[in-house]
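S.K.: have a look at this fold, sequence not included:
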C-alpha cells in the first residue's frame, strides 16, 4: 500500500483502444507493485461514449457510469497521468473528462505525476506543460520530475521499456509519487 493507504490511480489519458498509453500505464503499475504500492488503472477508453452530453453541464450527476468514475477520483489522493501527445497538446477527451468533474474540489490539494509519450522527439513536453497549467489552476500538486518518452514505439518491446534512461526515470518518478 502507498503511504496514504489509498491506491494510486493511473489515468490513461486517451480513449484510443489498445493505446500505447495503456501499455505504459500497465508497465508503470508493475513498477508500483515492485514498490509494494497498490494502484488502479482508469483507462479513458471506458468512458461512456456520450459522456460529453449525458454527464456534463445540465446532465451532471445523471450518468451512473460517469458518476462511478467521479466517486473513484473523490477518494483518491494520488494520480499518475500517462498522456500521449495529440497535435501538440494532450487529448481533448482528457480535457472533457477533467471538465466534467466537480470544480474546484476534484483535484484540489491532491498529487500527481505526469508521464508524456510521443512518436516524435518531444516526448509530449508541451502536452504535459498544458496539463500542468490546468492542474495548477485546479489546485493539484504535480511532481517536478515529468517523464518524457519520445519515440516511444522504438523503446517499448514485449511489454517492457527497453530504453535504460526511460526505465530509470519511470522508477525514480514512481518512488517520488509514493513518497509525495
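M.R.: Good, I have the coordinates. Computed from a prediction, not measured in an experiment: that's the story for all the values here.

S.K.: does the residue of the chain most remote from its centre count as helix, strand or coil?
M.R.: For the chain, the largest distance from the centre (CA atoms, centre = their mean) belongs to residue 58, which lies 26.6 Å off. Judged by DSSP: H, G, I helix; E, B strand; the rest coil, the three-state class of residue 58 is helix.

S.K.: isn't residue 143 up against residue 115?
M.R.: No. Look at residue 143 against residue 115 with CB atoms under 8 Å: they stay out of range, at 10.2 Å. C-beta coordinates here come from the backbone N, C-alpha and C atoms, glycine included.

S.K.: what is in contact with the two at once?
M.R.: Residues touching both residue 143 and residue 115 by CB atoms under 8 Å, 6 or more residues apart in numbering: residue 173.

S.K.: any idea how far residue 134 is from the residue nearest the centre of the chain?
M.R.: By CA atoms, centre = their mean, the mean C-alpha position of the chain lies nearest to residue 81, the distance being 1.7 Å. Remark: distance between residue 81 and residue 134 (CB to CB, to the nearest Å) = 11 Å.

S.K.: again, but for residue 180
M.R.: Taking CB to CB, one finds residue 180 at 19 Å from residue 134.

S.K.: also residue 146?
M.R.: Taken as CB to CB, the span from residue 146 to residue 134 is 14 Å.

S.K.: out of these two, which sits in the more crowded spot?
M.R.: residue 146 (21 against 15; other CB atoms under 10 Å).

S.K.: am I right that residue 52 sits in a helix?
M.R.: Yes. Checked against three-state DSSP, residue 52 lies within a helix.

S.K.: for the nearest residue to it once chain neighbours are set aside, which three-state class applies?
M.R.: Of all residues not flanking residue 52 in the chain, residue 96 sits nearest, at 5.4 Å (CB to CB, 6 or more residues apart in numbering). At residue 96 the chain is in helix, as set by three-state DSSP.

S.K.: surely residue 96 meets residue 50?
M.R.: No. Using CB under 8 Å, residue 96 is not in contact with residue 50, being 11.4 Å away.

S.K.: pick out whichever of those two has more residues nearby.
M.R.: Each of residue 96 and residue 50 has its neighbours counted (other CB under 10 Å); residue 96 has more, 16 against 11.

S.K.: kind regards, and thank you for your time.
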